[in-house]
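In: Provided below for reference: sequence and predicted model.
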Protein chains: 2
Amino acid sequence: MPLNSPSVTMDDVLAARARIGDKIRRTPVLTSSTLDGLVGTRVLLKCENFQRAGVFKARGAFNAVFSLTDAEAGRGVVTSSSGNHAASVSLAARTRGIQATIAMPKIALASKVAAVRRYGGEIVWVEGKDAVPTSEEYDATVARIERETGAATIHPYNDRRTIAGQATCALELLEDHPELDLVLAPVGGGGLLAGTAVSAKALNPKVRVVGCEPAMADDAQQSLRAGRIVPQLAPRTIADGLRTSLGDITFPLIQRGVDDIVTVTEEGILAAMRLAWEVLKIVIEPSGAVPLAALLERRIAVEGKSVGVIVSGGNADLDHLPWIKQP
Amino acid sequence: MPLNSPSVTMDDVLAARARIGDKIRRTPVLTSSTLDGLVGTRVLLKCENFQRAGVFKARGAFNAVFSLTDAEAGRGVVTSSSGNHAASVSLAARTRGIQATIAMPKIALASKVAAVRRYGGEIVWVEGKDAVPTSEEYDATVARIERETGAATIHPYNDRRTIAGQATCALELLEDHPELDLVLAPVGGGGLLAGTAVSAKALNPKVRVVGCEPAMADDAQQSLRAGRIVPQLAPRTIADGLRTSLGDITFPLIQRGVDDIVTVTEEGILAAMRLAWEVLKIVIEPSGAVPLAALLERRIAVEGKSVGVIVSGGNADLDHLPWIKQP
């Protein structure tokens, strides 16, 4: 590969779509005049909460699992994830008829553990010094399983196959709505945002791509400003899918194709999540509400623009809603 | 009108659609392979939770409000409702630029009161001997407002214009999915079920139409069996939209076009509601979950059939979820 050429290109995205198009769902785009009124412009919601496994991560997981040769697939797959990637890899592996082993932290939400089990994934608990394992502790567990079983590792974001899969979401959105001026996506490890930038800029170089993250986990914004990966050390945000640091594959793609990264408050995330449930009648999880929060908190200039928002997932914990006080 | 001819015909439904088609939403039909697996056949969900005001009742309210002459409309409209019809009439009236007065019980859900106010409806509280006013107490309040203001009364279900509006829902569903063998709708006062029967039987006389209601408010089933309206005396079901009795306009239409009425348990309603939130990622209210509950509780023979389900509304009270224990 020539120096400075991107590690994931539109060819990779189109290949991913050809590979997974009949296995994942082309998710609907919803609108709401109430939302438009609150935001002050036309907003189109790409509803990945309706994706298989309830989250965009099914795209990357299916692309990675179905990229394997039969010989590779026969030894199974392994990954680490606090939830959504875990369920997605489990579902993709079951669809291919192979074994998935998932390294999860013991603090994972019950609903996400249940999803992994429903899809037939085998869970290995990651032991860490603290309740939230470090990246190194996750990696060590995955490396051990890989060594013992020969399983192929599918990284939740820092993996070209994963990124190309996530990029099919913005591809669909811009095919359906080529008039968009601006596309917003949440950013945690950066797989979705990097993929969104690849697709959006390839289809229309004038589209602005903006990443959205919690102010309490603002490492991606810091990284983009500093020009190097600033690790996320102690994230305490409610947006549990956005607590990770960028990777050395996602970061250069974000530097290349993302115009800005904005941050939102925890209160803003909650308010946006509740608005989606109450007004739009869709169940979305806190991470999926972050771009909506950026619009409602007016962190982005949108006047006169058509705005596409990737609503990344809907795997909320229905037993513990953040706005209901429980005994 | 000749004896025994139906009071609402397909001509009325087509006129309603022409009148309201650009004012209401053509709601999406969602499917889920997980749901299909649980039910044992193909299920198509007509999602009226995405309708304007979050409920199918917008259809009937818009049809009634826009059926008025300018002179009639100028004196405003009045209705009684515990919530969804109230919000729908308020929204329709605001859209036409006229006054809506709503007789509501003090026990109405806060979320439904808020919706009426958001849409500009004026609330008059119905005083009753008990916390839940009787039909007579509602009617007396509405009659007084009608007398004082000259406003036109829009009955929530026992009104030909309301029924013709609700019927546009099944019209859309069967246009989009003519292959359906069976259509399920909840039944309270019977406006939606009567309208569903009119549309479904006109488009395909072989389609079976089945009403679904809580066993704790099984007056429609009793009425259909007895051949006369059996009033609903003390409903205690969580499905707050289905506590009313049938009317003398809805009942004959139901007798003519509905094949059966089945009942479901309160536990079944809760389980179906939660399943919709958790698996389908849609917010639906208890009344909207009743036909899904009928499928999950296996109250209807569906083997080998394509089943359309009208998911009637999504105005759940997010501050009080029935599966979360609160202090």
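Out: Great, that's in hand.

In: pLDDT-wise, which helix or strand of chain A ranks last?
Out: helix A:110-118 (a mean of 87; mean pLDDT, DSSP states H and E).

In: direction included, what does whichever helix or strand comes after that one pair against?
Out: Beyond helix A:110-118 in the direction of the C-terminus, DSSP states H and E gives the next helix or strand as strand A:122-126. In the sheet containing strand A:122-126, the strands it pairs with under DSSP bridges are strand A:100-105 (parallel).

In: and the angle from the partner strand to helix A:110-118?
Out: Angular relation of strand A:100-105 and helix A:110-118 on a 0 to 180 degree scale: 160 degrees, by axes from the mean of the first three to the mean of the last three Cα atoms, to 10 degrees.

In: centre of the chain to strand A:100-105, how far?
Out: 17 Å (Cα atoms, centre = their mean, to the nearest Å).

In: give me the residues contacting that strand.
Out: For strand A:100-105, contacts defined as Cβ atoms under 8 Å, 6 or more residues apart in numbering or on different chains pick out A:76-83, A:86, A:89-90, A:92-94, A:113, A:116, A:119-126, A:128, A:131-133, A:138, A:141-142, A:145, A:149, A:151. C-beta here means a position set from N, CA and C on the backbone, and glycine is covered the same way.

In: residues touching the residue of the stretch 151-300 of chain A found nearest chain B, list them.
Out: In the stretch 151-300 of chain A, the residue that lies nearest chain B is residue A:281 (3.8 Å; Cβ to the nearest Cβ). Residues in contact with residue A:281, defined by Cβ under 8 Å, 6+ apart, are B:49-50, B:54, B:282-284, B:314.

In: give me the neighbour count for the residue in the stretch 1-150 of chain A that chain B sits nearest to.
Out: The nearest approach of the stretch 1-150 of chain A to chain B comes at residue A:49, 4.4 Å away (Cβ to the nearest Cβ). By the measure other Cβ atoms under 10 Å in any protein chain shown, the count of residues near residue A:49 is 25.

In: wait, it sits on residue A:284?
Out: Yes: counting by Cβ atoms under 8 Å, residue A:284 is a contact partner of residue A:49 at 5.1 Å.

In: overlap in contacts of these two?
Out: Listed contacts common to residue A:49 and residue A:284 are A:311, A:313-314, B:281; contacts here mean Cβ under 8 Å, 6+ apart.

In: sort out which of the residues you listed are in helices and list them.
Out: Judged by DSSP state H, the subset of those located in helices is empty.

In: run through chain A and note the low-pLDDT ranges.
Out: Judged against pLDDT under 70, the low-scoring parts of chain A cover residues A:1-4.

In: around chain B, pick out the residues from it.
Out: A:28, A:30, A:49-50, A:54, A:111, A:274, A:277-278, A:281-284, A:314, A:318-321, A:323-327 (Cβ under 8 Å from any Cβ of the partner chain).

In: take the contacts of residue A:281 and lay them out in CSV including secondary structure and distance to residue B:6.
Out: Rendered in CSV, the data for those read as follows (DSSP: H, G, I helix; E, B strand; the rest coil; distance: Cβ to Cβ, whole Å):
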residue, secondary structure, distance to residue B:6
B:49, helix, 29
B:50, helix, 29
B:54, helix, 29
B:282, strand, 33
B:283, coil, 35
B:284, coil, 30
B:314, coil, 30
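
In: what's the most distant pair in those residues?
Out: B:54 and B:282 (11.2 Å; Cβ to Cβ).

In: more neighbours: these two, which one.
Out: A direct count of neighbours by other Cβ under 10 Å for residue B:54 and residue B:282 places residue B:54 higher, at 30 against 25.

In: test my guess that that one contacts residue B:316.
Out: No: the criterion here is Cβ under 8 Å, and residue B:54 misses it with residue B:316 at 9.1 Å.

In: give me the buried positions along stretch A:246-260.
Out: Of the residues in stretch A:246-260, those with enough neighbours to count as buried (16 or more other Cβ atoms under 10 Å in any protein chain shown) are A:246-247, A:249-254, A:257-258.

In: who touches it?
Out: Identification of contacts with stretch A:246-260 by Cβ under 8 Å, 6+ apart yields A:6-8, A:155, A:157-160, A:163, A:187, A:189-191, A:193-195, A:197-198, A:200-201, A:208-211, A:219-220, A:223-224, A:227, A:229, A:300.

In: in helices only, show me the buried residues of stretch A:246-260.
Out: Counting by DSSP H, these place A:250-254, A:257 in helices.

In: now name the helix or strand holding the residue minimising distance to the centre of chain A.
Out: Ranked by distance to the mean C-alpha position of chain A (Cα atoms, centre = their mean), the top residue is residue A:192 at 4.7 Å. Under the assignment given by DSSP H and E, the secondary-structure element containing residue A:192 is helix A:191-203.

In: after that helix, next one along is what?
Out: Beyond helix A:191-203 on the C-terminal side, the first helix or strand identified by DSSP H and E is strand A:208-214.

In: could you dump that following strand to CSV, C-alpha only?
Out: Taking C-alpha atoms only, strand A:208-214 is exported to CSV below (Å, rounded to 0.1, in the frame of the first residue of the first chain):
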residue,chain,number,x,y,z
ARG,A,208,-19.4,17.2,6.6
VAL,A,209,-18.8,14.3,8.9
VAL,A,210,-18.9,15.1,12.7
GLY,A,211,-18.2,12.6,15.5
CYS,A,212,-20.1,13.0,18.8
GLU,A,213,-18.9,11.8,22.2
PRO,A,214,-19.6,12.3,25.9
